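[1] structure, please.
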Amino acid sequence: MTKMVSAFIVILAVAHLAVSGKISKHDYGYDYFDEEFYGYEEMPVEEELTPQFQTSPSKLKVSLGGTARLVCEVKDLGPNTISWRKVDGNESSESVFVAVGPTLLTTDPRFQVSLSDHGSTLQIILVQQKDEGDYQCQVFSHPPVYLTHSLSIKKSPNVTILGRPESGVLSLMEGEELALICQGEGDPEPRMFWHRKNQRLADGNRQIEGDQLIYTRVSRKHSGEYVCTGDNGFGAPAEASIIVQVQYTPCVSLEANYIHHLHTNTQLELICYALGFPTPLIQWEGLDGVPRASNLHFNIRKGKEILLINDISTVVNRTISCAASNTLGKSQESFTTKGND
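    Residues are numbered from 1 along each chain as shown. Next up, the predicted model:
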């Protein structure tokens, strides 16, 4: 009986409100109270802003043992949290979180993280080779946003001459092509140069820039020690060298000098210059029957041989030849004496 009375009272109250216009019927079959009756005002909904990075992605190069500072500044950060993670460069492309908010997730004491009202800074001291890689600054918004900094370690240059024989000596035949290629490594990438030790290059230049040195047809003038240099401004420049030997048949020239003395016999000096590679063997021809004891003196020097004939009368009207030979051939020059002048 009590429940029926309570229900009847509620019906009367609703009817009264409907009559007074304080409640209206909705087409969907349920009622709602008039906003004016309850003093309700619609509140504006604050638009949620998406965080935007004020820092651009960067490629940071530091020296081994130096300090790396990775900065991440965000506009409209709001209550969102910034995290740092390192993305491995291996095939698995795994990533490891380094810090979330002010909390470091690594036990490596070289890592530090600091926060500001608009960003986060990850600092790595005493940088090691293993610290190289990509570091992502991520904001836990909806959706999440992130930017990536790349950290690389400066490396001193290193150069290698491709195809260099273990002996360090490259032998070519005259007329063949010479192609020297030098591979340089380092961070930053080194600038490459070629020069010839203790002499200019065959074209007269002191050096050329580039990793390749090519001559389509070589001659004896291309022989020498070639040096490749790599320099990236970090550490000492790196060098590698190779000795180029151009093989050619001997080339001979002969010089004759009469030496006159007032009270003694006239002497004849013959100087034989012989060039070639392999180094040629010098022989004198046309001296058969000429007295040798105290008359013929041979002085061998690098690239030449000197024959001194003390008594010119022993070789009057005689043709004397200097012959030079190696595995590639033979060449000679001759001189005919005239006797006492």
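[2] show me this protein divided up by domain.
    Residue ranges for each domain of the chain read 2-38, 52-153, 156-248, 250-336, as given by automatic domain parsing.
[3] can you redo those as TSV with mean neighbour count?
    In short, each C-beta sits where N, CA and C put it, glycine included. Conversion of the domains of the chain to TSV gives the following (neighbours: other CB atoms under 10 Å):
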stretch	mean neighbour count
domain 2-38	10
domain 52-153	15
domain 156-248	16
domain 250-336	15
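[4] including mean pLDDT, could those go into CSV?
    What follows is the domains of the chain, written out as CSV (pLDDT from 0 to 100):
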stretch, mean pLDDT
domain 2-38, 41
domain 52-153, 89
domain 156-248, 96
domain 250-336, 91
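[5] per-residue pLDDT, M1?
    For M1, the model assigns a pLDDT of 43.
[6] tell me which strands and helices the lengthiest strand in the chain is in contact with?
    If each strand of the chain is counted by residues according to DSSP state E, the longest one is strand 238-259. Using 3 or more CB pairs under 8 Å, 6 or more residues apart in numbering; DSSP states H and E as the contact definition, the elements that strand 238-259 packs against are strand 155-161, strand 169-173, strand 178-187, strand 224-231, strand 267-277, strand 319-326, strand 329-336.
[7] mind putting these in CSV, distance to Y248 included?
    Conversion of those to CSV gives the following (distance: least, CB to CB, whole Å):
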stretch, distance to Y248
strand 155-161, 23
strand 169-173, 8
strand 178-187, 14
strand 224-231, 14
strand 267-277, 6
strand 319-326, 9
strand 329-336, 9
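[8] report the beta-bridge partners for Y215.
    Listed beta-bridge partners, Y215: L178 (assigned using DSSP bridges).
[9] pretty sure it contacts A202?
    Yes: with contacts counted by CB atoms under 8 Å, Y215 reaches A202, the gap being 6.8 Å.
[10] tell me how far stretch 255-270 lies from the chain's centre.
    The gap between where stretch 255-270 is centred and where its chain is centred comes out at 63 Å by CA atoms, centre = their mean, to the nearest Å.
[11] how long is that stretch from one end to the other?
    Using CA to CA, to the nearest Å, one end of stretch 255-270 lies 6 Å from the other.
[12] same deal with stretch 259-274?
    One end of stretch 259-274 sits 23 Å from the other (CA to CA).
[13] tell me where the chain has helices.
    2-20, 35-38 (DSSP state H).
[14] surely L270 is in contact with N299?
    No: with the criterion set as CB under 8 Å, L270 and N299 do not qualify as a contacting pair; they are 10.8 Å apart.
[15] quick check: neighbours shared by the two?
    Common contacts of L270 and N299, defined by CB atoms under 8 Å, 6 or more residues apart in numbering, comprise 306-308.
[16] can you redo these as JSON lines with distance to H195?
    Below are the shared contacts of L270 and N299 laid out as JSON lines (distance: CB to CB, whole Å):
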{"residue": "I306", "distance to H195": "35"}
{"residue": "L307", "distance to H195": "39"}
{"residue": "L308", "distance to H195": "41"}
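[17] take those and keep only those in strands.
    For those, the ones inside strands are 306-308, with DSSP E as the criterion.
[18] ok so, going back, let me know which of the helices and strands packed on strand 238-259 is the nearest to F140.
    Closest of the helices and strands packed on strand 238-259 to F140 is strand 178-187, at 33.4 Å (criterion: CB to CB).
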